[in-house]
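Asker: for reference, the sequence and a predicted model appear below.
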Amino acid sequence: MEELISSIVVLVDSRERVNNHITDYFDRKGVKYKKKALDYGDYSFMVMANEKLGIPRDLYFNKSCVIERKASLEEISNNLTKERDRFEKELCLAPKTKVLLIENASYEDIATGNYNTKYNRKSFIASIHSFWFKYNIPVMFMPNNQYSGLFIRQYFETNGYCTSWKGKSWVISPQVIQQVYTGYFGEQVFKAILENAACNVGSLPEKIWERADWVVNDKLYVDVKFMSDSDFNQHVNAQSWEQKIRECGGSYIVVNVPRYAGNYSFTHTIQLEGGANLPIINGLIDVETGAILDKNVQAVLEKLNIV
């Protein structure tokens, strides 16, 4: 059977300086990568469109998972001193899933003062640990930068992002991919975006299982979809929402994760038979650009009264 490959493509920030050792590794190992201006971090990834797997468009994850690379202790020392304010602001805005990769150095180098700056080694260590816990950014030291490319790919794999699907004797049908996998995928994307906004996204109690997909901050019930605009609108209008909302007993919204080009409204409200209004949010991610639609994320947060 022809191998079905829908590999992760590593996104390399187009402003990255001197990273030939990383791209050379990718070239040698056949790791696909693409240069793109990233808002946060130096590396992220995307999943290419694959009709056989029910993925109609390229999906970008540069808003949810990044690696920040520093080429030396001298560079990170500068970030923690002269550029500290700017560096902290970047980390505040960066995605929840992130890691700081420091090349050509070890923890021992900091402890013994083996670097060429005047930064006090005790302050250096204190800042490393402070940033780690304050901004939830684990620090990975890479004394030999020839392994940085391996680390970058392994990081995405270890965090549960599949890098390829290889042909076997059996294959999941496109119908299952579209009806089951993409739905689950959309739920996880929603969870990642809301958790990155400091929300608590949890599963529903067993007694109301499947009445919604998530409950946010224990008060907002969310039904998450991953559909094209036309399918989503038809689905919303065909559903009977009153019983679901009544059984959940709280605020309820419907969210469609992908946003395709078209004339469909981003947000609107439908009036139910009982007179209640059901907020509809169509699109958290622009599938053409991979950008998170902040306006729609804000619309979700408004339902939580936290913006």
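Answerer: Noted; the coordinates are in hand. Numbering: from 1, shown residues only.
Asker: in the host helix or strand of residue 243, which residues are buried?
Answerer: Taking DSSP states H and E as the criterion, residue 243 maps to helix 242-248. Judged by neighbour count using 16 or more other CB atoms under 10 Å, the buried positions of helix 242-248 are 244-245, 248. Where C-beta positions appear, they are placed from N, C-alpha and C, glycine not excepted.
Asker: and stretch 91-99, by the same measure?
Answerer: 91, 94-99.
Asker: now for the residues you listed: which two are most distant?
Answerer: Taking CB to CB, the two most distant members of the buried residues of stretch 91-99 are 91 and 97; they sit 12.8 Å apart.
Asker: which other helices and strands contact the helix holding residue 243?
Answerer: Other elements packing on helix 242-248 under the criterion 3 or more CB pairs under 8 Å, 6 or more residues apart in numbering; DSSP states H and E are strand 220-225.
Asker: distance between the strand it packs on and the chain's centre?
Answerer: 18 Å (CA atoms, centre = their mean, to the nearest Å).
Asker: may I have the strands that pair with that strand, each with its orientation?
Answerer: Applying DSSP bridges, strand 220-225 is found paired with strand 214-216 (antiparallel), strand 251-259 (parallel).
Asker: ok, residue 9 - contacts?
Answerer: 32-34, 45-48 (CB atoms under 8 Å, 6 or more residues apart in numbering).
Asker: and for residue 291?
Answerer: 60, 63, 285.
Asker: hang on, the last one packs against residue 297?
Answerer: No. Counting by CB atoms under 8 Å, residue 285 does not reach residue 297; the two are 9.7 Å apart.
Asker: give me the common contacts of the two.
Answerer: residue 193.
Asker: picking up where we left off before, do you know which of the strands paired with strand 220-225 lies nearest residue 110?
Answerer: The nearest among those, by CB to CB, is strand 214-216 at 39.9 Å.
Asker: hmm, who's touching the closest one?
Answerer: 187, 190-191, 194, 199-204, 221-222, 224, 248, 250, 300, 304.
Asker: repeat for stretch 125-137
Answerer: 68, 80, 88, 91-92, 94, 96, 98-100, 110-111, 138-139.
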